[in-house]
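> Provided below are the primary sequence and the corresponding predicted coordinates.
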Amino acid sequence: MTQLQGLLDTEAIRKDFPILDRLVHDGKKIVYLDNAATSQKPRQVLDALNEYYERHNANVHRGVHVLAEEATALYEGARDKVAAFINAPSRDEVIFTKNASESLNLVANMLGWADEPYRVDRDTEIVITEMEHHSNIVPWQLLAQRTGAKLKWFGLTDDGRLDISNIDRVITEKTKIVSFVLVSNILGTVNPVEEIVRRAQDVGALVLIDASQAAPHMVLDVQSLGADFVAFTGHKMCGPTGIGVLWGRQELLEDLPPFLGGGEMIETVSMHSSTYAPAPHKFEAGTPPIAQAVGLGAAVDYLSSLGMDSIAAHEHAITEYAVKRLLEVPDLRIIGPGTAEDRGAAISFTLGDIHPHDVGQVLDEQGIAVRVGHHCARPVCLRYGIPATTRASFYLYSTPAEVDALIDGLEHVRNFFG
Amino acid sequence: MKLDSMYQDIILDHYRHPHGKGLRDGDAEVHHVNPTCGDEITLRVKLDGEKVVDISYESQGCSISQASASVLNDLVVGQSVDEAMKVQETFLELMQSKGRLEPDEAMEEVLEDAVAFAGVSKYPARVKCALLSWMAWKDATAKALSEAPVPNEEGA
C-alpha cells in the first residue's frame, strides 16, 4: 500500500459517494478518473436536492405562501454560501447561470452591448489563450465577428505552460478584455494570474477568469485574484448539473447592460420600455435553477467541511504520485507540465501510437473511467501535433490505489495493441 | 471477454495493415471529421462510368475508424456504384443495430470482412468511428457523380 503525505481520509469520504461502490463490467469496481468532466455527488448534496423537492418546492421571489418563502430563502441562502466560498465582497455580485459556458457567454454579450468605456468594437482587441476550453474561445470569436474587434491570444510553451514572454505586445492599450483559464482542463496547467492581471490593469482592460477547473480543487478567493469577473460551474465541484456561477465586481454589474430579458430581471415594464432590477437579478431572467442552486449550496458546505486547503494538498499528493508513475510507463508522453508544480489534477497523455479511443475502451473494460478526445480544447491538440489525448483526472476521493489501477490498466492496453 | 467482440482479429489486422491507404488521383475529394473524438479522413473516389475504380484516403483516428476505411476499400473498389451503395446500406444497417442484429449468411456474403464490426455496434460511442469512412465515401461518390460530365447534353 502506497503511503503519501497529506492525503484526506478517503475511506470515510468515499462512504459519502454511493456511486463509487458501483460494479461495472462483470463485477469490477469502478475507478472514476473523469473528474475534470464532472465530479460525483456526495449523499449530502443528493439529500439536499431531495429535501428541497419533497418539502419546499415553489417558484422563487413571488408568491406570499409559505413554500414560496422557503424556496426563496433556500435559493438566496445558496447565494450567500457561494459568496462566502469565493470570498466575494458582496452577495449581490454572485449571478447564478446554468453553467460556466453561460457565464462566459454572458460577459461576452454584456461587453458587446455595453456603452463606453466597456464597449468592444472594431477599434478594440480581445485577448484569450491557446489553452482555453472551447467555451472560452467561441464566444469571443462570435463577439469579434459581430463587432469587428480583433481576437488575439497567448501561445503555449513546449512543456504546456502559457507563453507570456510577449505580454506587452499581446495586451495593449486597445485591449478591452482579457479572458483566460485559471487551471487548464486538458493540460492541467495553473496559470500565472498575477502577472496577467497586472498588465491588464495597466492598460485598463477588464479581466475574466475561467475557474471551472479551479473552484472544485483549491481556495478560490475572487478578491485576491484581482479579476473583474470569475466564472465556474457547479457540477465539477460536487454540485448538480444545470447550475453555474458568474461573479462580477459590483460597479461593473451596475453599469453593464443585461443580456437575457424576461421575468425576474425587471423593475417595471410598460409596452414601450422597461427598467431593470439591480444585480444579480438583472442577469437572471426567468425561473432560475432553484433546486440546483440549493444543491450547489450543499456542495459548497461539503467542500468547506473538508477544507479547500486540505483538498488541494490531497490532490497535489495524488497528482505527484500519478505523474511519477505515468512517466514510468513505456512510450507514454504527458501533454502538459511533467511535474506536479503549478499543476492541477487533470493529466493528459498519449501512449505510443495507440489512439486514445482505443486506450479508453480497453481501460473501460477494466472498470477505469477516463476521458478521451480533444477535451473541448482542440487548439491544444493542434499545438502539440496530436489528434487527441487520454486524460485521467483526480478528485478529493481519489486514492493511490486508483493510480496503481490506471498504471496496470495501461500495461494491459499496451499488451492488447502490442 | 466482451472487448474481444469489438476488437476482432480481422479488425486489428486491417488496422495494422490498412488496404489502399494514401491519396491517389480521384474524381472527387471530401474531408470528414468526427467532432467528438477528432478522427479525420480525407477521401477520394475514382469512377470509370458506373464502376468504382479506386478509393484512396489519408486518415487519422482509432483502430475502428482506420480498419473500417481499409475494409471499405477492400469491399467497394471494383464494384458498380449501385452494388457499392447496397454494401454501404447493409453496413449502415449493421452498425445501427445496437448489437441486436446477428449477421445471417446473406449479410455475410455482402459484407465479408465487414461483419466483424457487428460487435462495435454495441458501443454507441464507437459507431461513428466505424461509419466515418463510409459516410465520406458516400458523400464523395455523390459529388463525383454530380460533377461528372453528362453525355448527350449538347443541344438540349
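Sure, I can see it. Numbers count the residues shown, from 1 in each chain, chains lettered A, B, ... in the order given.

> rest of the way, CA atoms for contacts and neighbours
Fine.

> residue ranges of the strands in chain B, please?
Ranges of strands in chain B, per DSSP state E, are B:28-34, B:39-48, B:51-60.

> Reformat these as JSON lines; add distance to chain A, mean neighbour count and mean pLDDT.
Shown next, in JSON lines, are the strands of chain B (distance: least, C-alpha to the nearest C-alpha, whole Å; neighbours: other C-alpha atoms under 10 Å in any protein chain shown; pLDDT from 0 to 100):
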{"stretch": "strand B:28-34", "distance to chain A": "10", "mean neighbour count": "18", "mean pLDDT": "95"}
{"stretch": "strand B:39-48", "distance to chain A": "7", "mean neighbour count": "22", "mean pLDDT": "95"}
{"stretch": "strand B:51-60", "distance to chain A": "7", "mean neighbour count": "20", "mean pLDDT": "95"}
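
> Quick one: low-confidence residue ranges for the chain.
Defaulting to chain A. A:1-2 (pLDDT under 70).

> please go with chain B instead
Of all residues in chain B, those with pLDDT under 70 make up the ranges B:1, B:148-156.

> Name the residues of it found near chain A, please.
Residues of chain B lying close to chain A by C-alpha under 8 Å from any C-alpha of the partner chain are B:2-3, B:36-39, B:60-63.

> so what strands line up beside whichever strand or helix holds residue A:230?
Following DSSP states H and E, one finds residue A:230 within strand A:229-233. Strand A:229-233 has the following strand partners under DSSP bridges: strand A:206-210 (parallel), strand A:244-248 (antiparallel).

> how far out from the middle of the chain is stretch A:169-182?
When distances are taken as C-alpha atoms, centre = their mean, to the nearest Å, stretch A:169-182 is centred 20 Å away from the chain's centroid.

> what's in contact with the strand holding residue A:230?
When contacts are defined by C-alpha atoms under 8 Å, 6 or more residues apart in numbering or on different chains, strand A:229-233 is touched by residues A:98-100, A:103-104, A:207-213, A:215, A:222, A:243-249.

> just to revisit the earlier point, now tabulate the strands of chain B in JSON lines and tack on distance to residue B:105.
What follows is the strands of chain B, written out as JSON lines (distance: least, C-alpha to C-alpha, whole Å):
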{"stretch": "strand B:28-34", "distance to residue B:105": "32"}
{"stretch": "strand B:39-48", "distance to residue B:105": "29"}
{"stretch": "strand B:51-60", "distance to residue B:105": "25"}
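
> need the helices for chain B, in chain order.
B:2-6, B:9-16, B:63-76, B:81-95, B:105-111, B:124-147 (DSSP state H).

> And chain A, by the same measure?
Going by DSSP H, chain A shows helices at A:10-14, A:43-51, A:66-85, A:100-113, A:138-147, A:167-170, A:193-203, A:222-225, A:250-255, A:290-306, A:308-327, A:356-365, A:378-383, A:400-417.

> Of the residues of chain B next to chain A, select the buried ones using a PyMOL command.
Per 16 or more other C-alpha atoms under 10 Å in any protein chain shown, the buried members of the residues of chain B next to chain A correspond to this PyMOL selection:
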select buried, chain B and resi 37+38+39+60+61+62+63
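
> still on that earlier bit, go through the helices of chain B and pick out the most buried.
helix B:63-76 (a mean of 24; mean count of other C-alpha atoms under 10 Å in any protein chain shown).
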